[in-house]
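In: Generate coordinates for the sequence data below:
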Amino acid sequence: MNDKIVKIWLKYANDDLKAGVLLFNNDPDEFKSIVCYHMEQAVEKYLKAYLIFNNKEINKTHDITELIENCKEIDIDFDNIYSFNANELTDYAVNMKYPSSSKVISLEDEKTAVSIANQVKSFVMEKIKNK
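Out: From the prediction side, this is the model:
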């Protein structure tokens, strides 16, 4: 495991989470798609950081389900991330980046995305800390 690379991935994940939360706290109605995009990116990067921490090669993917399954190969407890509905953030990776998306994001969707990202962060950080 390369500590430096893991720390970089975690920094980027934290930056996405912080940026999204700042936008959410500033004006939740204005930035819903951007907040949800950043929450997906944060979750994706936390999971990838965990894989790198465990010397696993990461695929170029935005599929949260695929990443959870890869993490479960290391630690079956990652199945718990499904209870956070983290896999539902996958759509925000690409669809929210471009105006062609037909999905309308509600304030509740946005709040849920922020909550999920925070739960995944806590879960992954605890797993890394305890190894």
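In: Centroid-nearest residue for this structure?
Out: Among the residues of the chain, the one closest to the centroid is residue 43, at 0.9 Å (CA atoms, centre = their mean).
In: where does it land on pLDDT?
Out: As predicted, residue 43 sits at a pLDDT of 98.
In: Just the C-alpha atoms of the worst-scoring helix or strand of the chain on mean pLDDT, please, in CSV.
Out: Sorting the helices and strands of the chain by mean pLDDT, DSSP states H and E puts helix 91-94 at the bottom, at a mean of 88. Provided in CSV are the C-alpha atoms of helix 91-94 (Å, rounded to 0.1, in the frame of the first residue of the first chain):
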residue,chain,number,x,y,z
ASP,A,91,-26.6,8.2,-11.7
TYR,A,92,-25.2,11.5,-10.5
ALA,A,93,-21.7,10.7,-11.8
VAL,A,94,-22.5,11.5,-15.4
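In: Now tell me what touches stretch 15-30 from outside.
Out: With contact meaning CB atoms under 8 Å, 6 or more residues apart in numbering, stretch 15-30 is reached by 31, 34-39, 41-42, 45, 107, 110-111, 113-114, 117-118, 121. C-beta here means a position set from N, CA and C on the backbone, and glycine is covered the same way.
In: Brilliant, that's me finished.
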